[in-house]
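Chemist: Need coordinates for the below:
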Amino acid sequence: MRIRVIFLIVVIQACLLPVFFTKAQKQKTIFLADQKDFVTKKGLFDSEDVFQLTLKGNIRDLLNDRTGEAKNFPLVLSYKNDDSSDISLPVDVKTRGNFRRLRENCDLPPLLLQFSIGDAQRSSIFSEQDKLKLVMPCMRDEFVIREWLVYKIYNLFTPYSFRARLVKVKLEDPKSKKNRDAFYGILLEEEKQMAKRNHMILVERKLQPQQVQRDIFLTMAVFEYLIGNTDWSVQYLQNVKLLAADSLSSVLTVPYDFDHAGIVNAPYAKPAEELLMSSVRQRRYRGYCIKDLKTFGGVIEKFNSLKNELYSIYDSCPLLDQKYIKSTKQYLDEFYKTINDTKAWQKDFSYPCDQNGTGNVVIKGLK
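Modeler: Have a look, this model is predicted:
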């Protein structure tokens, strides 16, 4: 009798096992599906697609706010979600910057978008954002696109870099009879988010470049040389942010704002008079004096290893005209010719050691 009962129990368990297994498998599948949705859900800076957005409100007064302390203007930012539904968010927007804010320099001033934290914002593509810089075209769209690609280049070299998203911006002012055509802009990753992504904090210290983490600084300095940018300094935090793991750790440099770079070649870009340069297309190494030039070995190797990917950024961009692609690749060819000629790069990178040159000139921003 006992054997018969045990047999029945075994049979029942065997019959129910597929049910339990199927149920568990379904639960696992659902879990994995949810997990997959979570993993593949893209944030603002996780896509290469051009992001379309509209700013609606008192645009005229906003764009005319070019001097003094910038005022906040309440606007509505709208965009289409992945399912084509319309999303609208309240934002406070103000003009920002120095050179590009002035009317005599730029047609449109750069903007700062401040989001209202709430359910609408938290469920939007801007859920991780508190505020964002929006780079506007100073003159023409093409220079915005060129600057955006410079951010993409530096992303190749280090995660200690700002992510940038190319956007198509539409401005709508209900009081205006005629609104501007849509134009390209750049949404730039918030500095606190960039620091958080790298498990760092932002710091502001009066430092000499010799006091920051050397490898990251040299990568940045050679990168600035590559793109033909001299509009930066560590001493004055000119277009450079500083990161550190904590208040006692070594400091890392992160560059931004590349519209004065030779590779962008904007019509308004001029090198500072103190540097005695003929144009921004002329390269000038702006690091500090290093006697042992073997220090650059690893950095040069890194630039060589990423050469194909760097060129591909320009070859694969459908928004560039062929003339600019050709001239830019020639500009890059000049850089790679230099760093693969020992005498040439040692001459250029030791320029800050020349007491009779302008390598030791420190500039607090370009006027």
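
Chemist: how about the strands in the stretch 51-200 of the chain?
Modeler: 51-56, 73-80, 86-95, 111-115, 131-135, 164-172, 183-188 (DSSP state E, counting those that start in this stretch).

Chemist: now those strands in CSV, with distance to residue 354 and mean pLDDT?
Modeler: C-beta here means a position set from N, CA and C on the backbone, and glycine is covered the same way. Below are these laid out as CSV (distance: least, CB to CB, whole Å; pLDDT from 0 to 100):
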stretch, distance to residue 354, mean pLDDT
strand 51-56, 46, 98
strand 73-80, 49, 97
strand 86-95, 41, 97
strand 111-115, 40, 97
strand 131-135, 35, 97
strand 164-172, 35, 98
strand 183-188, 35, 98
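
Chemist: export the ones you listed to JSON lines and tack on distance to residue 246 and mean neighbour count?
Modeler: Supplementary listing: the strands of the stretch 51-200 of the chain in JSON lines, determined by distance: least, CB to CB, whole Å; neighbours: other CB atoms under 10 Å:
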{"stretch": "strand 51-56", "distance to residue 246": "34", "mean neighbour count": "18"}
{"stretch": "strand 73-80", "distance to residue 246": "35", "mean neighbour count": "17"}
{"stretch": "strand 86-95", "distance to residue 246": "32", "mean neighbour count": "17"}
{"stretch": "strand 111-115", "distance to residue 246": "28", "mean neighbour count": "20"}
{"stretch": "strand 131-135", "distance to residue 246": "24", "mean neighbour count": "21"}
{"stretch": "strand 164-172", "distance to residue 246": "27", "mean neighbour count": "20"}
{"stretch": "strand 183-188", "distance to residue 246": "25", "mean neighbour count": "21"}
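
Chemist: And residue 300, which helix or strand is it part of?
Modeler: Here residue 300, judged by DSSP states H and E, is contained in helix 297-305.

Chemist: rounded to a whole number, what's the mean pLDDT of stretch 348-367?
Modeler: Averaged over stretch 348-367, pLDDT sits at 86.

Chemist: can you give me the offset of it from its chain's centre?
Modeler: When distances are taken as CA atoms, centre = their mean, to the nearest Å, stretch 348-367 is centred 27 Å away from the chain's centroid.

Chemist: now do stretch 78-92
Modeler: Averaging C-alpha positions (CA atoms, centre = their mean) puts stretch 78-92 22 Å from its chain's average.

Chemist: Name the residues that touch that stretch?
Modeler: Under the contact criterion CB atoms under 8 Å, 6 or more residues apart in numbering, stretch 78-92 has outside partners 51-56, 72-77, 113-116, 120-121, 124-126.

Chemist: one more time with 7 Å, if that's ok
Modeler: 52-54, 56, 72-77, 113-116, 120-121, 124, 126 (CB atoms under 7 Å, 6 or more residues apart in numbering).

Chemist: Could you do stretch 124-131 as well?
Modeler: Residues contacting stretch 124-131 (CB under 7 Å, 6+ apart): 43-44, 87, 89, 112-115, 121, 190, 193.

Chemist: end-to-end on that stretch?
Modeler: 14 Å (CA to CA, to the nearest Å).

Chemist: same check, this time on stretch 96-112
Modeler: 6 Å.

Chemist: before we move on, back to that, quick one: closest of the strands of the stretch 51-200 of the chain to residue 313.
Modeler: For those, proximity to residue 313 was assessed by CB to CB; strand 164-172 is nearest, at 12.4 Å.

Chemist: relative to strand 51-56, how tilted is the closest one?
Modeler: On the basis of axes from the mean of the first three to the mean of the last three CA atoms, to 10 degrees, strand 164-172 is oriented at 30 degrees to strand 51-56.

Chemist: strands paired with strand 164-172, and their directions?
Modeler: Pairing partners of strand 164-172, with direction, according to DSSP bridges: strand 51-56 (parallel), strand 183-188 (antiparallel).

Chemist: Identify all contacting residues around the helix holding residue 300.
Modeler: Contacts for helix 297-305 (CB under 7 Å, 6+ apart): 157, 218-219, 222, 339, 345.

Chemist: ok, now with 6 Å
Modeler: 218-219, 222, 339 (CB atoms under 6 Å, 6 or more residues apart in numbering).

Chemist: thinking again about what came up before, can you tell me which of the strands paired with strand 164-172 is nearest to residue 315?
Modeler: Here strand 183-188 is closest among the strands paired with strand 164-172 (CB to CB), at 19.6 Å.

Chemist: which residues sit against the closest one?
Modeler: 132-137, 141, 144-145, 148, 162, 164-165, 167, 169.

Chemist: any low-confidence regions in this structure?
Modeler: Along the chain, segments meeting pLDDT under 70 span 1-41, 366-367.

Chemist: Show the residue spans covered by the helices in it.
Modeler: According to DSSP state H, the chain carries its helices in the segments 2-40, 59-64, 119-122, 141-157, 191-197, 214-227, 297-305, 307-315, 322-339, 342-349.

Chemist: would you list those helices in a markdown table and tack on distance to residue 265 and mean neighbour count?
Modeler: Below are the helices of the chain laid out as a markdown table (distance: least, CB to CB, whole Å; neighbours: other CB under 10 Å):
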| stretch | distance to residue 265 | mean neighbour count |
| --- | --- | --- |
| helix 2-40 | 38 | 9 |
| helix 59-64 | 25 | 16 |
| helix 119-122 | 38 | 13 |
| helix 141-157 | 7 | 20 |
| helix 191-197 | 27 | 17 |
| helix 214-227 | 10 | 22 |
| helix 297-305 | 21 | 14 |
| helix 307-315 | 13 | 14 |
| helix 322-339 | 8 | 14 |
| helix 342-349 | 20 | 15 |
